[in-house]
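**Student:** Got a sequence here, can you build the structure:
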Amino acid sequence: MDLHFGDSKPTDDERAAVDALLGPPQSSWEGADRSDADLRWAKGGREARDRRDLLLPGLHAINDRIGWISDGALDYLCRRLTVPPAEAYGVATFYAMFSVKPRPATVLHVCTDLACAAAGASELCAGIEARLGTGSGVSVERSPCLGLCERAPAALAIKAGDPVRTAVPAPATVHDAVLAASAPDSAPEEPPAALAVPQAGDPSLTLLRRVGVVDPSSLDDYRAHGGYTALRRAFELGPAGVIREVTDSGLVGRGGAAFPTGRKWQATASQPDRPHYVVCNADESEPGTFKDRVLLEGDPYALVEAMTIAAYATGAHQGYLYLRGEYPRALHRLEHALAQARARGLLGDDILGQGYAFDIEIRRGAGAYICGEETALFNSIEGYRGEPRSKPPFPVEKGLFGKPTVENNVETLVNVLPILTMGAPAYAAIGTGKSTGPKLFCVSGSVARPGIYELPFGATLGELLELAGARDGLRAVLLGGAAGGFVRADELDIPLTFEGTREAGTTLGSGVVMAFDDTVPLPRLLLRIAEFFRDESCGQCVPCRVGTVRQEEALHRILERTGAAAADDIALLREVGRAMRDASICGLGQTAWNAVESAIDRLGAYE
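**Tutor:** Purely as a prediction, here's the structure:
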């Protein structure tokens, strides 16, 4: 490995941030102050290279302490991990929440994505910038979805330091956002997660039954409301029995792909290569999606228990929870839950006295939608750019660190608990024959009661919108988020199942339902979707890298022209969309044209 370091030196604060994560350096090569050491050799280089997966946490440590990542800090981190600085620079610049250029210690991220745009995000940004002016010591950055759609418009203030401080004004006013940026500790406290669940307290709920009922910080309260019953049942059944129950339940992935969970677990468990890993994908970044955040903030122990069951069933002893960097409260809740579980023998070397060892490590994302793709997520954890891998081999064979890996999102994993407590037949009786169990829906936009709703598969779109209080003048509904498709206001009888939405020519996706009335300018909305995909494309494959740019350019031109010129650009959009769908490596490029296509064909967006 050819390592070329520059002459820049870290400041004392930058060095302290890295050392707090990695421990003190052991040699001059790593940056220790030892004049008698020989810099021509690197003691412990192999061990350092084995820790490359700490590159992303190291970048977070620097960015949290200083607010940006200097050349000196990056070089020091690279020496500690024996990572080429050029590669680390490529990783640091991949994520939107990091900066390799000087910026103020306080960054105010203001969401300008779909729900927030419809709620006046542009006016909010203009008001904040006018109030702060220049030289305020605050960097105002327009951000993609912050996962706070039920409280749009939303903002996230991050003030670097030791410790880093955050505040989340949502719904945000100019006054609240400026206060959060200037004095995060004085900002109003976030409302409880239960306020995002209009059905909170309903005894008929399955996945959301504890949100708003139990204290999310209390392990005792969780156990008093049925917590860890499922794990005890899992130990009674044994690994094969657990997989059989999950398979018989008909549970499929809730992230959008709808792959049978039992088949995935069985394929991982049967691999002879060791070790096996369990990865929870909590990097929900689809515009309009916030269900994972509500579960993590309102019922964190449920995910810890569910990950433990998944690991036991698949023969894993180490789990990774990849969490959105924009979820500070979820991070604190999970860190506390993991610490309590370890202290009480529910994680560690001997869980519940069964002789089974398992632990979970949190890895924070840093603002990259593409890391929601499972193989991009693996690369991110391993310390590389979050770019998707070609498949096969599939993750069940060669996943994280090249080992068999089962990857599920938060909602999928939490569904495992009722499967084991009520039994597979009872669970499968919920919903429909092909889409079993309950489903969480993220409803936002032009509704009176935005939030997370739990309904059995098979309920119609109209029934869901009636619960949420759809406003008069409904023009369109976006199903599945930016990667989904629009349906008309006269198509509300669509059953909310995977097969039902497919038959209707749309997609259920991860459960996003965004309602838009006739006050929302549809062409501007489509342009925002195109901008999102252009920003979030990792650039690895040509169809997506070039296609998302051409899509945005065409939509800009259509806004400015009419008639034959607009028709030419619509024809170009179709050609580019087909190329992205057919030839892109991953789902980002393959779905980047979906919403625009559906708006043109179903809504007549440019007629």
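**Student:** wait, doesn't Cys111 sit right on Glu141?
**Tutor:** No: judged on C-beta atoms under 8 Å, Cys111 makes no contact with Glu141 at a distance of 10.3 Å. (C-beta placed from N, C-alpha, C; glycine too.)
**Student:** mind checking how far Phe486 is from Phe441?
**Tutor:** Applying C-beta to C-beta, to the nearest Å, the value for Phe486 to Phe441 is 16 Å.
**Student:** Compare neighbour counts for Cys111 and Glu141 and give me the winner.
**Tutor:** More crowded of Cys111 and Glu141, by other C-beta atoms under 10 Å: Cys111, with 29 against 17.
**Student:** partner residues bridging that one?
**Tutor:** Ser143 (DSSP bridges).
**Student:** what's the distance between Leu588 and Leu413?
**Tutor:** From Leu588 over to Leu413 the distance is 23 Å, taken as C-beta to C-beta.
**Student:** Look at those two and report which has more neighbours.
**Tutor:** Leu413 (28 against 25).
**Student:** Just name the shakiest helix or strand of this structure by mean pLDDT.
**Tutor:** The helix or strand of the chain with the poorest confidence is helix 45-49; it has a mean of 60 (mean pLDDT, DSSP states H and E).
**Student:** State the next helix or strand along the chain beyond that one.
**Tutor:** helix 55-66 (DSSP states H and E).
**Student:** Would you mind extracting the C-alpha trace of that following helix into PDB?
**Tutor:** Listed in PDB are the C-alpha atoms of helix 55-66, where the atom choice follows Å, rounded to 0.1, in the frame of the first residue of the first chain:
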ATOM      1  CA  LEU A  55     -12.900   5.500   9.300                       C
ATOM      2  CA  LEU A  56     -16.600   6.700   9.300                       C
ATOM      3  CA  PRO A  57     -16.800   7.000  13.100                       C
ATOM      4  CA  GLY A  58     -13.500   8.900  13.000                       C
ATOM      5  CA  LEU A  59     -14.800  11.400  10.400                       C
ATOM      6  CA  HIS A  60     -17.800  11.800  12.700                       C
ATOM      7  CA  ALA A  61     -15.600  12.400  15.700                       C
ATOM      8  CA  ILE A  62     -13.700  15.200  13.900                       C
ATOM      9  CA  ASN A  63     -16.800  16.800  12.400                       C
ATOM     10  CA  ASP A  64     -18.700  16.700  15.700                       C
ATOM     11  CA  ARG A  65     -15.800  18.300  17.600                       C
ATOM     12  CA  ILE A  66     -14.700  20.900  15.000                       C
END
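**Student:** can you give me the strands in the stretch 301-450 of the chain?
**Tutor:** Under the criterion DSSP state E, counting those that start in this stretch, strands of the stretch 301-450 of the chain are mapped to 316-323, 359-364, 405-409, 438-445.
**Student:** Now the last one: buried residues?
**Tutor:** Right, strand 438-445. Going by neighbour count (16 or more other C-beta atoms under 10 Å), the buried part of strand 438-445 is 438-445.
**Student:** tell me how far the ends of stretch 403-413 are from each other?
**Tutor:** Across stretch 403-413, the straight-line distance between its terminal residues is 20 Å, by C-alpha to C-alpha, to the nearest Å.
**Student:** any idea how far Cys538 is from the residue most central in space within the chain?
**Tutor:** Residue closest to the average C-alpha location in the chain (C-alpha atoms, centre = their mean): Asp283, at 1.6 Å. Relative to Cys538, Asp283 is positioned 14 Å away (C-beta to C-beta).
**Student:** Would you agree Phe401 is in contact with Tyr277?
**Tutor:** Yes: taking C-beta under 8 Å as the contact criterion, Phe401 and Tyr277 are neighbours in contact, 7.1 Å apart.
**Student:** Run a quick neighbour tally on Gly473.
**Tutor:** Here the number of neighbours of Gly473 (other C-beta under 10 Å) works out to 12.
**Student:** do the same with Ala172
**Tutor:** Around Ala172 sit 29 other residues, with neighbours defined as other C-beta under 10 Å.
**Student:** Same check on Asp162?
**Tutor:** As a burial measure, the neighbour count of Asp162 was computed by other C-beta under 10 Å and equals 12.
**Student:** same deal with the one 4 residues further on?
**Tutor:** Here the neighbour count serves as a burial measure; for Thr166 (other C-beta under 10 Å) it reads 21.
**Student:** So it: helix, strand or coil?
**Tutor:** When states are read from DSSP: H, G, I helix; E, B strand; the rest coil, the local structure at Thr166 comes out as strand.
**Student:** ok, what's across the strand from it?
**Tutor:** Applying DSSP bridges, one finds that Thr166 bridges with Ile158.
**Student:** My guess is it contacts Pro184. True?
**Tutor:** Yes: Thr166 is within contact range of Pro184, at 6.1 Å (criterion: C-beta under 8 Å).
**Student:** Now for those two: what residues contact both?
**Tutor:** 157, 159 (C-beta atoms under 8 Å, 6 or more residues apart in numbering).
**Student:** Look up the closest residue to Gly539, ignoring the ones flanking it.
**Tutor:** Distances taken as C-beta to C-beta, 6 or more residues apart in numbering place Arg545 nearest to Gly539, at 4.5 Å, with adjacent residues excluded.
**Student:** That neighbour: what secondary structure?
**Tutor:** Secondary structure state of Arg545, per three-state DSSP, is helix.
**Student:** need the contact list for the nearest residue to Pro523 once chain neighbours are set aside.
**Tutor:** Counting by C-beta to C-beta, 6+ apart, Pro523 lies nearest to Leu559, which is 5.6 Å off, once chain neighbours are set aside. By C-beta under 8 Å, 6+ apart, Leu559 lies in contact with 523-524, 527.
**Student:** Can you tell me how far Leu559 is from Cys111?
**Tutor:** Taking C-beta to C-beta as the measure, Leu559 falls 22 Å from Cys111.
**Student:** Where does the prediction get shaky in the stretch 101-250 of the chain?
**Tutor:** Low-confidence regions of the stretch 101-250 of the chain, defined by pLDDT under 70, are absent; no residue qualifies.
**Student:** what ranges do the strands span in it?
**Tutor:** For the stretch 101-250 of the chain, the strands defined by DSSP E, counting those that start in this stretch cover 106-111, 138-143, 155-159, 165-167.
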